[in-house]
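1. coordinates for the following, if possible.
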Amino acid sequence: MRRWRGLKALVHDAVDHTTALIEEGHDSAARVALRAVDLVDPGNPRAREINAARAHVTSNVLASVRAVNRLVRSVTDLGVDVVEAVAAPAEPAPVPMRSDVTRRAVTLADAALGAVNGVVGDALAARTNGLALDMSLRAGDQYLTLTPEGLRDVVPEPSSTLVVFVHGLCATEWSWCLGAEAYHGDPGANFGTLLARDLGVTPLFLRYNSGRHVSENGRDLAAMLDALVAHWPVPVTRVALVGHSMGGLVIRSACHLADEDARPWRRRLTHVACLASPHRGAPLEKLGNVLGGVLDAIDLPGTRIPGRILQGRSAGIKDLRYGYIRDEEWEGFDPDALLEDRSGPLALLDDVAWCFVSATVTRDPEHPLGTLLGDLLVRGPSASPEAFTRRAFALDTGRYGAVLHHQVQCHPDVYAQLRAFLAT
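-> The predicted model follows:
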């Protein structure tokens, strides 16, 4: 019912947002017409009167639409309350982490939920919308309750080594299984299950709202890891973090905060792997920043409306422009300022082993086209140690050809490197 309430609220919010865009389009069209009139007859009072009447009628019509939308919202809220009162609440089962369930309705709904959170998740969280994902950890097919009793019930054979996997933008933990059957011959395989088999570790998968600021998710992850290590059924000796795409930035943010605050789990952190993570930003977000600013600056209905839509993308997406992982990199600044890089120097914890993986669309990673396009979403220099200014110690690196961005999180060659890296 929480999800249904959230979906209903999202539809009503979309109606309100659409009316605002329509009003902006009408006003922009009127300004264009007035500028044309001013070329012939500057300051024509009749044109101003007509425009004022037009604005009055438009405002009243759109106000009526908003009023009806509020009425429908209230009536349907009552209906949902009645259904919730008479129906027994049921907790939905997690989507199976298998590559052969892609066509099931529950899998498609989960994928859509991850995508919606990536695009407008910050707004969902601000409105406490039921569609906003809460941060949670998963072991196998169950989400964890971070208490001694809850962990004992879900993890009957805990290891002293924890490997936490953090997904990327517009995704959920299920994305770690994409292509599992094609790559590994087992639809239920993923990097976590393979590492449990080969190295005896306990894999855990994070789910989070990727539309929020990276630093906000990093702060929550740092706190969650404290609770996890404190209540784990056996003493934790090693913690390893593996992040795909945005997940690598969330991990770096959590590490930065844990180091500053001397959090207990920080002393157990031994390995961090960043798979195709845009440490120096993603080209598509930089393009979106420029395109949104240019379109919004041109006072035409056909440009202002798409410009406003583009500028409404989530805070998490905007953080990818330059790989922001700290609050101070975005707090108090215009998030839509054109190509304004406020990211600080990139430094790594020097008592942790680091692994960086990048990929290219071309079979030869050194091909000029591969260098230019990267894996279509992240370029090699941004995902590799080249992004970091302080490298006083050896780093584990890998660059793979003919591998797309989403394939990095399940590719057998990447797994072979990750296994060797975590085995040290």
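2. so where's the stretch 201-350 of the chain shaky on pLDDT?
-> Residue ranges of the stretch 201-350 of the chain with pLDDT under 70: none are present.
3. strands of that one, residue ranges please.
-> 202-207, 238-244, 269-275 (DSSP state E, counting those that start in this stretch).
4. can you count the residues close to the residue lying closest to Ser99 once chain neighbours are set aside?
-> Using C-beta to C-beta, 6 or more residues apart in numbering and skipping the chain neighbours, the partner closest in space to Ser99 is Ala180 (3.9 Å). Quick note: C-beta positions are derived from backbone N, CA and C, even for glycine. Using other C-beta atoms under 10 Å, Ala180 has 22 neighbouring residues.
5. do the one 4 residues further on as well
-> Residue neighbour count, defined by other C-beta under 10 Å, stands at 20 for His184.
6. and it, what does it touch?
-> Contacts here follow C-beta atoms under 8 Å, 6 or more residues apart in numbering; on that basis His184 touches 194, 410, 412.
7. go on, Ser28?
-> Residues counted as contacts of Ser28 (C-beta under 8 Å, 6+ apart) are 299-301, 304.
8. mean neighbour count added to the strands of the stretch 201-350 of the chain, as TSV?
-> Shown next, in TSV, are those (neighbours: other C-beta atoms under 10 Å):
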stretch	mean neighbour count
strand 202-207	23
strand 238-244	24
strand 269-275	24
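9. picking that back up, who wins for neighbours among the contacts of Ser28?
-> Greatest neighbour count in the contacts of Ser28, by other C-beta under 10 Å, goes to Arg304: 21 neighbours.
10. touching, it and Glu24? I think so.
-> Yes. If you go by C-beta atoms under 8 Å, Arg304 and Glu24 touch, sitting 5.8 Å apart.
11. Val11 and Ser277, how far apart?
-> Counting by C-beta to C-beta, to the nearest Å, the gap from Val11 to Ser277 is 34 Å.
12. now list the buried members of the contacts of His184.
-> 194, 410 (16 or more other C-beta atoms under 10 Å).
13. so which of the contacts of His184 are in helices?
-> Within the contacts of His184, residues falling in helices by DSSP state H are 194, 412.
14. at the geometric centre of this protein, which residue do we find?
-> In the chain, the centroid-proximal residue (C-alpha atoms, centre = their mean) is Ser210; its distance is 2.4 Å.
15. how about the helices in this structure?
-> Taking DSSP H as the criterion, the chain carries its helices at 2-40, 45-86, 105-126, 148-154, 180-184, 191-199, 214-231, 246-261, 283-297, 301-311, 315-319, 368-373, 380-383, 412-423.
16. out of those, nearest to Arg399?
-> helix 380-383 (6.3 Å; C-beta to C-beta).
17. list the residues that contact the residue nearest to Asp141 when sequence neighbours are not counted.
-> Closest residue to Asp141 apart from its sequence neighbours, by C-beta to C-beta, 6+ apart: Pro94 at 5.6 Å. The neighbourhood of Pro94, defined by C-beta under 8 Å, 6+ apart, consists of 138, 141-143.
18. among those, who's most crowded?
-> Counting neighbours by other C-beta under 10 Å, the top entry in the contacts of Pro94 is Arg138, with 21 neighbours.
19. is it correct that that one is in contact with Phe205?
-> Yes. Counting by C-beta under 8 Å, Arg138 does reach Phe205; the two are 4.5 Å apart.
20. which neighbours do those two have in common?
-> Common neighbours of Arg138 and Phe205, using C-beta under 8 Å, 6+ apart, are Glu173.
21. any idea how far Val120 is from Val101?
-> Separation of Val120 from Val101 (C-beta to C-beta): 26 Å.
22. who has more neighbours, the two?
-> Counted by other C-beta under 10 Å, Val120 and Val101 do not tie: Val120 has more neighbours, with 26 against 17.
23. quick one: that one and Gly316 touch, right?
-> No. The criterion here is C-beta under 8 Å, and Val120 misses it with Gly316 at 9.9 Å.
24. which neighbours do those two have in common?
-> Common neighbours of Val120 and Gly316, counting by C-beta under 8 Å, 6+ apart, are Gly211.
25. picking that back up, now the residue nearest to Ser99: how far from Tyr322?
-> 33 Å.
26. quick check: Asp220 touching Met135?
-> Yes. If you go by C-beta under 8 Å, Asp220 and Met135 touch, sitting 4.9 Å apart.
27. so between those two, which is more surrounded?
-> Counting neighbours by other C-beta under 10 Å for Asp220 and for Met135 shows that Asp220 has the greater number, 20 against 16.
28. which residues does the more buried one contact?
-> 135, 208.
29. give me the nearest residue to Arg70, chain neighbours excluded.
-> Closest to Arg70 by C-beta to C-beta, 6+ apart is His12, at 8.0 Å.
30. quick one: pLDDT of the one you found?
-> The model reports His12 with a pLDDT of 90.
31. my read: it touches Asn69, true?
-> Yes. Taking contacts as C-beta under 8 Å, His12 lies within contact range of Asn69: 5.7 Å.
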